[in-house]
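Visitor: Sequence plus predicted model, see below.
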Amino acid sequence: MKARMNMLKALFQRKKRVLECRAALKTLEEQREDLCKEMQGIVDAAKAETRAMTEEETTKFESLEKQIQSIDTSIAMEKRSIELMAKKDDRTPEDQTGAGTDQKTEERAAAEEKAFADYIRGIQSEERADVNMTATDNGAVIPTSISNRIIARIKDICPIYEAATKYMLGGSLAIPYYDESTSQITMAYAEEFTNLTSTSGKFDSITLQGYLAGALTKISKRLVNNSQFGIVEFVIQKMAEAAVAWIERELLIGTKNKIQGLSTATQIVTAGGSDMVELDDMIDLQEEVPDLYQGNAFFIVNRSTRKALRKKKDKDGNYILQRDATAKWGYTLFGKDIYTSDSMPEMVPGKIVAYYGDFTGLAVKIAEESNIEVLREVYASQHALGVILWLEMDAKIENQQKIAVLKMADAAKAQGGK
């Protein structure tokens, strides 16, 4: 009876904390909404007076933007806290098996994190054999809880990877798709007792392989030897950042005979010039994608290309590319978010300078099991050690209609056109 009362008391306390978190979440969301309205008011004021934003307005706008980013972080943490507590609240005191299972899962995750930290620090942990690191030719198999956190962090900081359709499995993967590029199902008038002419597309497929790649992170031994330092979270973040630099380039540009990424896109628009993107080029690019796939579409360009587009004005002198407090990356063009990547080429002759579309049309396969390798001697002279994340990955377009490409004109052709 006493145990039951303690469980009921704990359940009540968790429900109380959930309610408190929800109240705090509502307050944060209201604060965010007020800040967004204030930002939009600054933009609207400049727009109404057909002028650029003043230095004071820009400073105020950027200050509000930082406050919103801070609130977004707090909102994410509150939601995560509510989610974790709500999972416990779903169980009744009688559900001993479920409670025990969740507790064991949490204990295992904590044990796996400790084993991962011990492995990096070179400590031989013998507390739990079932969570100790398993050695492989490349290093060790990362515990599932750690591996998932690295992949989740990559998703958080790499928009093209986040938007892509992901397949988490090893080996080769054949993805079927329906191709109507050369022939498609059509309807036509017909007469009685006259055979209809059969028309149809065809089923084809793309095959995703597994190309091995490694992301290296160097860690100061001073940090490693500091038992108070959160080495696991640091390594997860740094591994994700190192991986993203490579993953984003492969998805956008690709490598011959390796990961193709978006390089095989067939809906190609050629810009009118060889060294400058015009608004008409961006309109042509956007119109290449059918309306069916416009809902989640966005632009991807180099920062220098977005900078050039920001300077474009309409006939009344208004800037076309607007700062938007509600936009994911701060700017919208023709109502669509515009993202910048350092992997995208700048505006030079013959180069692909912009993508537009619904990037679920890009299929990405990553092997479920990732490996790490700790290099203890290679960087000894730097008083550091290296941690390499090995992963298998491939990416190809699985729906060409969802994605369009803007390519700069060749210099000779552009001059000839003039």
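Guide: Great, that's in hand.
Visitor: looking at it, Thr217 is touching Gln237, isn't it?
Guide: No: contact status for Thr217 versus Gln237: not in contact, 9.1 Å apart, counting by CB atoms under 8 Å. All C-beta atoms are positioned from the backbone trio N, CA, C, and that covers glycine.
Visitor: of the two, who's got more company?
Guide: Thr217 (21 against 16; other CB atoms under 10 Å).
Visitor: Let me know the secondary structure of the residue nearest to that one when sequence neighbours are not counted.
Guide: Excluding its sequence neighbours, the residue lying closest to Thr217 (CB to CB, 6 or more residues apart in numbering) is Lys238, at 4.2 Å. Three-state assignment for Lys238 (DSSP: H, G, I helix; E, B strand; the rest coil): helix.
Visitor: how close does Lys238 get to Gly230?
Guide: 12 Å (CB to CB, to the nearest Å).
Visitor: For the two, indicate the residue with more neighbours.
Guide: Ranked by neighbour count (other CB under 10 Å), Lys238 and Gly230 place Lys238 first, with 18 against 13.
Visitor: so Gln260 touches Met393, yeah?
Guide: No: using CB under 8 Å, Gln260 is not in contact with Met393, being 11.7 Å away.
Visitor: Packing partners of the lengthiest strand in the chain?
Guide: Using DSSP state E to define each element, the chain has its longest strand at strand 384-397. Counting contacts by 3 or more CB pairs under 8 Å, 6 or more residues apart in numbering; DSSP states H and E, strand 384-397 packs against strand 202-208, strand 211-220, helix 221-224, helix 231-252, strand 362-366, strand 371-375.
Visitor: Which one of those lies nearest to Ser343?
Guide: Smallest distance to Ser343 across these (CB to CB): 4.1 Å, for helix 231-252.
Visitor: avg pLDDT for the closest one?
Guide: Averaged across helix 231-252, pLDDT comes to 88.
Visitor: For that helix, name the packing helices and strands.
Guide: Packing partners of helix 231-252 (3+ CB pairs under 8 Å, 6+ apart): helix 96-121, helix 144-157, helix 159-163, strand 211-220, helix 221-224, strand 384-397.
Visitor: out of these, nearest to Asp337?
Guide: Once the helices and strands packed on helix 231-252 are compared by CB to CB, helix 159-163 is nearest, at 9.0 Å.
Visitor: And the contacts of the closest one?
Guide: Contacts to helix 159-163, defined as CB atoms under 8 Å, 6 or more residues apart in numbering, come from residues 154-156, 244, 247-248, 251-252, 296, 298, 300, 328-329, 339, 341, 358-360, 362, 364.
Visitor: switch the cut-off to 6 Å
Guide: Helix 159-163 is contacted from outside by 155, 247, 251, 339, 359, using CB atoms under 6 Å, 6 or more residues apart in numbering.
Visitor: okay if I get those residues as TSV plus neighbour count and distance to Asp410?
Guide: Formatted as TSV, the contacts of helix 159-163 follow (neighbours: other CB atoms under 10 Å; distance: CB to CB, whole Å):
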residue	neighbour count	distance to Asp410
Lys155	16	37
Ile247	25	30
Leu251	27	25
Tyr339	19	27
Phe359	24	27
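Visitor: out of the helices and strands packed on helix 231-252, which comes closest to Lys313?
Guide: helix 159-163 (27.7 Å).
Visitor: So which bits of that closest one are buried?
Guide: Buried residues in helix 159-163, defined by neighbour count with 16 or more other CB atoms under 10 Å: 159-161, 163.
Visitor: Pull out the buried positions in the helix or strand immediately after it in the chain.
Guide: Scanning forward in sequence from helix 159-163 by DSSP states H and E, the next helix or strand is strand 165-168. Buried positions in strand 165-168, judged by neighbour count with 16+ other CB under 10 Å: 166-167.
Visitor: contacting residues around strand 165-168?
Guide: Taking CB under 6 Å, 6+ apart as the rule, strand 165-168 contacts 173, 360, 363-366, 368.
Visitor: Try it again at 10 Å.
Guide: Among residues not part of strand 165-168, those counted as contacts by CB atoms under 10 Å, 6 or more residues apart in numbering are 147-148, 151, 155, 173, 175, 208, 359-368, 394-395, 398-399.
Visitor: and if you look at stretch 232-243?
Guide: Outside stretch 232-243, the residues that reach it (CB under 10 Å, 6+ apart) are 112-114, 116-117, 120, 142, 146-147, 149-158, 161, 213-220, 223-224, 230, 247, 370, 372, 387-389, 391, 393.
Visitor: What is the next helix or strand after the longest strand of the chain packed up against?
Guide: Next helix or strand after strand 384-397 toward the C-terminus (DSSP H and E): strand 403-407. Packing partners of strand 403-407 (3 or more CB pairs under 10 Å, 6 or more residues apart in numbering; DSSP states H and E): strand 268-270, helix 279-287, strand 352-357.
Visitor: Go through these and name the closest to Lys60.
Guide: Per CB to CB, nearest to Lys60 of those: helix 279-287, 28.3 Å.
Visitor: What is the burial count for the spatially closest residue to Thr54 that is not a sequence neighbour?
Guide: Leaving aside its sequence neighbours, Thr54 sits nearest to Ala46 (CB to CB, 6+ apart; 7.7 Å). Residues lying near Ala46 (other CB under 10 Å) number 20.
Visitor: can you pull the contacts of Ala46?
Guide: 52-54, 57-58, 61, 318-319, 322-323.
Visitor: Buried among these? Make that a PyMOL selection.
Guide: Here is the PyMOL selection string for the buried members of these, based on 16+ other CB under 10 Å:
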select buried, resi 53+61+319+322+323
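Visitor: Out of the contacts of Ala46, which is nearest to Glu30?
Guide: Using CB to CB, the shortest approach to Glu30 within the contacts of Ala46 belongs to Phe61, at 20.2 Å.
Visitor: Now the closest one: which helix or strand?
Guide: If you go by DSSP H and E, Phe61 is part of helix 55-89.
Visitor: Can you spell out which helices and strands pack onto that helix?
Guide: For helix 55-89, the contact count by 3+ CB pairs under 10 Å, 6+ apart identifies helix 2-48, helix 96-121, strand 322-323 as packing neighbours.
Visitor: again, only this time at 6 Å
Guide: Other elements packing on helix 55-89 under the criterion 3 or more CB pairs under 6 Å, 6 or more residues apart in numbering; DSSP states H and E are helix 2-48.
Visitor: Could you find the closest non-adjacent residue to Gln286?
Guide: Going by CB to CB, 6+ apart, Gln286 has Tyr356 as its nearest residue, at 5.6 Å.
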